[in-house]
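>>> Please find the sequence and the predicted model below.
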Amino acid sequence: MILGNPQNIKSFIDQGFYETDRFEIKGFKLLADGALGSRGACLLAHYHDAPTHGFLLHSPQEYEEMIKQIAASKFQANTHAIGDSANRIILDIYGKYLHNKDDRRWRIEHAQIISPTDFDKFRKYQIIPSVQPTHATSDMYWAKDRLGAERMKGAYAYKHLLQEYGKLALGSDFPVEHFNPLYGFHAAVARVDKQGYPDHGFQMQDAISREDALRGMTIWAAYSCFQEKKRGSIEVGKDADFVILEKDILKIPNEQLRNVKTSRTVIAGETVFNREHE
């Protein structure tokens with residue numbers, strides 16, 4: 001994704017898509033607000049532990065102008081939104097330019113804190129929630145301090161988002177988080193850190209199943225950037241992109257998931273890693 005600002009948007013729309021076998025530019029990433037930990041995420045009400053709402057990086061009018069330009073092109077819009085206010089603003093602007101008959105696959109990146117009245121907008125406007133499960137287990141130690149108990153009900157609500165849209169794109173958010181996808185898989189299904197804390201999982205009502213986590217990291221992730229016909233599943237006619245793992249991550253105990261080793265990695269039919277040869 002290209003950083004979404006007025007100069008880039010005009011320039012890259014004029015240039016059109018860039019596509020090779022390994023690299024594509026077909027979308028913009030807009031940044032709506034800051035991070036929750038630094039109290040930069042834009043909230044509808046004051047932080048629970050500070051007299052501030054956080055902030056937006058641009059005005060709503062500026063976001064609308066940028067999104068309007070993207071809507072008039074074939075490019076995909078993807079917007080970093082953490083706080084419930086930032087998510088509401090972007091969801092509503094998206095909704096103004098999206099029509100259900102259009103297959104635009106616009107995304108909210110992170111969708112970290114959602115107001116109860118805004119969850120259905122992912123379904124209504126067909127907006128993909130693109131989340132990073134390790135954010136939940138990285139932030140769980142202090143998130144309640146920032147938000148208070150009531151707003152926590154709409155935070156890191158991956159199962160709720162999945163139920164609304166029907167798909168969930170999962171990623172790592174590297175370099176903010178570790179790139180190992182098994183850490184994200186573990187966080188999505190077990191909702192604990194590497195030490196197994198907390199004992200019964202963090203807000204387990206929003207844990208997702210192992211099959212959904214696997215889909216979120218493969219076919220749904222591919223779908224979220226229009227690549228599902230090329231990769232994301234092992235099928236005739238698709239690029240042979242896959243890994244062979246030493247254990248079945250759909251069956252082994254949660255506490256083993258983070259330590260599963262890759263035996264072999266194949267990209268477009270080429271073996272690029274083989275543990276036997278290391």
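That came in fine, so what should we check first?
>>> Identify the spatial nearest neighbour of residue 155, chain neighbours not counted.
In space, not counting the residues next to it along the chain, residue 155 is nearest to residue 113; the distance is 4.7 Å by Cβ to Cβ, 6 or more residues apart in numbering. Every residue, glycine included, has its C-beta placed from N, CA and C.
>>> Now residue 258. Nearest residue, chain neighbours left out?
Nearest residue to residue 258 in three dimensions, chain neighbours excluded: residue 186, at 5.0 Å (Cβ to Cβ, 6+ apart).
>>> Let's verify that neighbour: helix, strand, or coil?
helix (DSSP: H, G, I helix; E, B strand; the rest coil).
>>> Could you report the separation of it from residue 112?
According to Cβ to Cβ, to the nearest Å, residue 186 and residue 112 sit 19 Å apart.
>>> same check, this time on residue 223
Note on residue 223: its distance to residue 112, by Cβ to Cβ, is 21 Å.
>>> of those two, who's got more company?
Between residue 223 and residue 112, residue 112 has the larger neighbour count (other Cβ atoms under 10 Å), namely 27 against 17.
>>> got the contact list for that one?
36, 41, 81, 82, 83, 87, 131, 135, 155, 156 (Cβ atoms under 8 Å, 6 or more residues apart in numbering).
>>> among these, who's most crowded?
residue 83 (33 neighbours).
>>> right, and the secondary structure at the closest residue to that one other than its chain neighbours would be what?
In space, and not counting its chain neighbours, residue 83 is closest to residue 41: 3.6 Å by Cβ to Cβ, 6+ apart. Following three-state DSSP, we place residue 41 in the coil state.
>>> before we move on, what about the one 4 residues further on?
Per three-state DSSP, the local secondary structure of residue 45 is coil.
>>> State the distance from residue 264 to residue 237.
22 Å.
>>> can you check residue 174 too?
30 Å.
>>> And these two? Which one has more around it.
Between residue 174 and residue 237, counted using other Cβ under 10 Å, the more crowded position is residue 174 (13 against 6).
>>> Three-state assignment for the more buried one, please.
Secondary structure for residue 174, judged by three-state DSSP, is coil.
>>> ranges for the strands of this protein?
2-3, 18-19, 24-25, 27-31, 76-81, 107-110, 128-131, 169-170, 242-245, 262-267, 270-274 (DSSP state E).
>>> The ones you listed: which one's closest to residue 53?
Residue 53 sits nearest to strand 76-81 of all the strands of the chain, at 14.3 Å, using Cβ to Cβ.
>>> which other helices and strands contact that closest one?
strand 27-31, helix 60-71, helix 84-97, strand 107-110 (3 or more Cβ pairs under 8 Å, 6 or more residues apart in numbering; DSSP states H and E).
>>> Compile these into CSV and extend it with columns for distance to residue 195 and mean pLDDT.
Conversion of the helices and strands packed on strand 76-81 to CSV gives the following (distance: least, Cβ to Cβ, whole Å; pLDDT from 0 to 100):
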stretch, distance to residue 195, mean pLDDT
strand 27-31, 32, 98
helix 60-71, 40, 97
helix 84-97, 30, 98
strand 107-110, 25, 98
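>>> Out of the ones you listed, which is the most enclosed?
Mean neighbour count (mean count of other Cβ atoms under 10 Å) peaks for strand 107-110 among those, with a mean of 26.
>>> Dump it to CSV, keeping only the CA atoms.
Listed next in CSV are the C-alpha coordinates belonging to strand 107-110 (Å, rounded to 0.1, in the frame of the first residue of the first chain):
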residue,chain,number,x,y,z
ARG,A,107,-10.5,-2.1,4.6
ILE,A,108,-10.2,-0.7,8.1
GLU,A,109,-6.7,-1.6,9.4
HIS,A,110,-6.7,-2.6,13.1
